[in-house]
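1. My questions are about this predicted structure, shown below with the sequence.
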Amino acid sequence: MTMTTYRELPPSARDAEIARYTSQRLAKYVTADKPLSLRINKPQPAEVIDLPEGAVKLLLGILDAMAAGRGVIIIPENVELTTVEASNILNVSRPYLIKLLEERAIPHRKVGRHRRILLEDVIAYKNSIDADRKKVLEQLTIEAQEDNMGYNL
């Protein structure tokens, strides 16, 4: 399966400001479970287009990320990733990802000599390690409070 991904690098300061302004203006018109109609004035004649609710939410998310100065990557669901793509999502090196795959920490399949990983499995692994980190941090906070290290609430 060929995967089409879209990547926008972090925006310039000017583009971030435009995204912030546009997001604020657009958010006023978004209502749950309803498409949004936009009027495009250029080129003439003006044209009205409808955006489905999901696309509007996605657009607002993109604009918010750009307003914060972050780049954006859009990856369709139900796709298989290469090891390079999966390691980028997890923010780990490719060799470390290969180690995780060999340890069966993340399910995968081989196509010839190449490994393919479902996006859902990468996201599930990321959520799992994030939850583990949160538990450890909570435990460290409790211990610091018990030891009277200045973290009392």
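-> Right, received. Where do you want to start?

2. and the longest helix belonging to the chain, how far out from the chain's middle?
-> Using DSSP state H, we find that the single longest helix of the chain is helix 119-146. Distance of helix 119-146 from its chain centroid, counting by Cα atoms, centre = their mean, to the nearest Å, is 18 Å.

3. Next: stretch 111-130.
-> 15 Å.

4. how close does the nearest residue to P107 once chain neighbours are set aside sit to S87?
-> Leaving aside its sequence neighbours, P107 sits nearest to D121 (Cβ to Cβ, 6 or more residues apart in numbering; 5.0 Å). For every residue, glycine as well, the C-beta is placed using N, CA and C. Computed as Cβ to Cβ, to the nearest Å, the D121 to S87 distance reads 13 Å.

5. With I74 instead?
-> 18 Å.

6. So the two - more neighbours on which side?
-> S87 (20 against 12; other Cβ atoms under 10 Å).

7. surely that one meets Y96?
-> Yes: contact criterion Cβ atoms under 8 Å: S87 and Y96 qualify, at 7.3 Å.

8. I am finished for the moment; much appreciated.
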